[in-house]
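Structure for the following, please:
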Amino acid sequence: MPERPTAAMAMGADEAEAVLPPELRARLARLTELHPEPLTGPLDGPAARTVLARTDLLVTGWGCPALTADVLAHAPRLRAVLHAAGSVKDLVSDALWDRGIIVSSAAEANAGPVADFTLAAVVLAAKKALPAAAAHPAGRPAFRDRQGADGRTIGVIGASRIGRLVLARLRDSGRGHRLLLHDPYVREDDAARLGAEPVALDELCRSSSIVTVHAPELPETFRMLDARRLALIPDGGTVINTARGPLVDTDALTRECAAGRLDAFLDVTDPEPLPAGHPLPALPNVLVTPHIAGAQGSEARRLGAYAVDEVARCLRGEPLLGRVTAADLPRLA
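Okay, the predicted model is just below:
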């Protein structure tokens, strides 16, 4: 790589404004010979190919097309892709790994906002906020839950980057929660360090009044919360999903919530978005948000800052904190 490598940005126009505001672009321009305008459309046109032909480092984000073999064929100097967003599954290709191109993701920077969103949902769930809010306009007496917001048994599915942050926030909340964890890759001593008890998924569902999902979308996690497991969650329980919609059986959850047995806070659904007129969002004990748990608005700058820090580390020859390899990909969100 040359002493002062060239760099380009590739992402949606709105995303570029949010993720890489002027001060971050200025820093990136001090580190590299930066192409001033982001590539905001397809990467197979003449203009994009002209830029890619001289690009050593590519900072990508939401809206960047997949880096296919055809795209990479016109980027002979490309050595590293620094993704200023979370998942890279829709970005990478076999051709990229075959070329030995380094890939980094800012998923760590995105994890904090998701964990904060989840913690807020846990508090609202523990206070039974959705049933209380539904009762209030009708003039019914304020809902009072005898258990209250402290001392709940909370089941966390997946000790992912976000799942671990959620466990830490719950452990340190001072609310005396009992934390259960299901993750087949986590040893008992590791779970103990996270403040959680490792349990089988059925036991987690059977014992938890709040179940929050933080596992990756894999063939083996498809509808892991199916009708049978949802039925194990005690009456009055809550399901929180900020991971991926297909991990929960939407039809089964709709039936449970429509019956009033379970509540739900869903930032992701299957399908996403739900079709117009779907009954789930209209239920008074369900809150569906449009995939906003991750970095939004001013938070998005965290992603760009992380990616620019990765560029600096790359130029210093240091290991990248967010590096993703082909071997990692199957277990990532």
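
quick one: contacts for V239?
211-213, 225, 230, 233, 248, 253, 262-266 (Cβ atoms under 8 Å, 6 or more residues apart in numbering). Every C-beta, even on glycine, is put in place using the N, C-alpha and C of the backbone.

Of those, just say which sits nearest to V166.
T212 (6.5 Å; Cβ to Cβ).

Tell me where the chain has helices.
Using DSSP state H, the helices found in the chain span residues 13-19, 22-31, 46-52, 69-73, 94-98, 107-126, 129-135, 161-171, 188-193, 201-207, 227-232, 250-258, 301-315.

list the buried ones in the fourth one?
Right, helix 69-73. V71, L72 (16 or more other Cβ atoms under 10 Å).

ok, now the first one?
Judged by neighbour count using 16+ other Cβ under 10 Å, the buried positions of helix 13-19 are E15, A16, A18, V19.

For that helix, give me every contacting residue.
Here helix 13-19 has contacts from 9, 11, 38, 40, 61-63, 84-85, 297, 300-301, 303-304, 307, using Cβ under 8 Å, 6+ apart.

Any idea which of these the model trusts least?
Within the contacts of helix 13-19, G297 has the lowest pLDDT, namely 89.

Compare the contacts of V239 and tell me which has the most neighbours.
V211 (30 neighbours; other Cβ atoms under 10 Å).

what's the domain layout of the chain?
6-105+297-331, 110-288 (automatic domain parsing).

how far does the last one sit from the chain's center?
In this case it means domain 110-288. Mean-position distance between domain 110-288 and its chain equals 15 Å (Cα atoms, centre = their mean, to the nearest Å).

Out of the buried residues of helix 13-19, give me the two with the largest separation.
A16 and A18 (7.5 Å).

can you list the weak-confidence ranges in the stretch 51-200 of the chain?
Low-confidence segments of the stretch 51-200 of the chain, defined by pLDDT under 70: 138-147.

contacting residues for H278?
Contacts of H278 by Cβ under 8 Å, 6+ apart are T254.

same thing but at 7 Å, please
Counting by Cβ atoms under 7 Å, 6 or more residues apart in numbering, H278 touches no other residue.

pLDDT at it, what is it?
The predicted local confidence for H278 is 98.

That one and R301, how far apart?
As judged by Cβ to Cβ, to the nearest Å, H278 and R301 stand 34 Å apart.

Same question for L28.
Per Cβ to Cβ, L28 is found 13 Å from R301.

who has more neighbours, the two?
Neighbour count, other Cβ under 10 Å: between L28 and R301, L28 has more, with 21 against 18.

Distance check, the more buried one against A327.
29 Å.

swap in A121?
For A121, the distance to A327 - Cβ to Cβ - is 32 Å.

out of the two, which sits in the more crowded spot?
Remark: of A121 and A327, A121 carries more neighbours, 25 against 8, as counted by other Cβ under 10 Å.

Now the more buried one: closest residue in space, sequence neighbours ignored.
F265 (4.1 Å; Cβ to Cβ, 6 or more residues apart in numbering).

The one you found contacts A125, correct?
Yes - counting by Cβ atoms under 7 Å, A125 is a contact partner of F265 at 6.5 Å.

For those two, list the residues in contact with both.
With Cβ under 7 Å, 6+ apart, F265 and A125 have common neighbours T238, I240.

between the contacts of helix 13-19, which is closest to G195?
Nearest member of these to G195, counting by Cβ to Cβ, is L303, at 28.1 Å.

Can you give me the neighbour number for the closest one?
29.

Return the distance of it relative to T40.
Counting by Cβ to Cβ - L303 and T40 are separated by 17 Å.

swap in L57?
18 Å.

of the helices of the chain, which approaches T238 most closely?
T238 lies closest to helix 107-126 among those, at 3.8 Å (Cβ to Cβ).

Sort out which residues of that closest one are buried, please.
107-115, 117-119, 121-122, 124-126.

Repeat that for stretch 312-327.
Neighbour-count burial for stretch 312-327 flags R313, C314, L315, L320, G322, V324 (criterion: 16+ other Cβ under 10 Å).

And the strands in the stretch 201-333 of the chain, which stretches?
Counting by DSSP state E, counting those that start in this stretch, one finds strands in the stretch 201-333 of the chain at the ranges 210-213, 237-241, 262-266, 286-288, 323-324.

other SSEs contacting the fourth one?
Contact here means 3 or more Cβ pairs under 7 Å, 6 or more residues apart in numbering; DSSP states H and E; on that basis strand 286-288 packs against strand 262-266.

Next, the buried residues of stretch 73-81.
By 16+ other Cβ under 10 Å, the buried positions in stretch 73-81 come out as H74, A75, L78, R79, A80, V81.

That should have said stretch 211-223, apologies.
Neighbour-count burial for stretch 211-223 [16+ other Cβ under 10 Å]: V211, T212, V213, H214, A215, P216, E217, T221, R223.

is the second one in a bridge, and if so with what?
Just to be clear, that refers to T212. V156, I240 (DSSP bridges).

so what's it up against?
Contacts of T212 by Cβ under 7 Å, 6+ apart are T118, V122, I154, V156, V166, I240.

Same check on the third one?
In this structure, V213 makes contact with I157, G158, L225, I240, N241, A243, L247, V248, judged by Cβ under 7 Å, 6+ apart.
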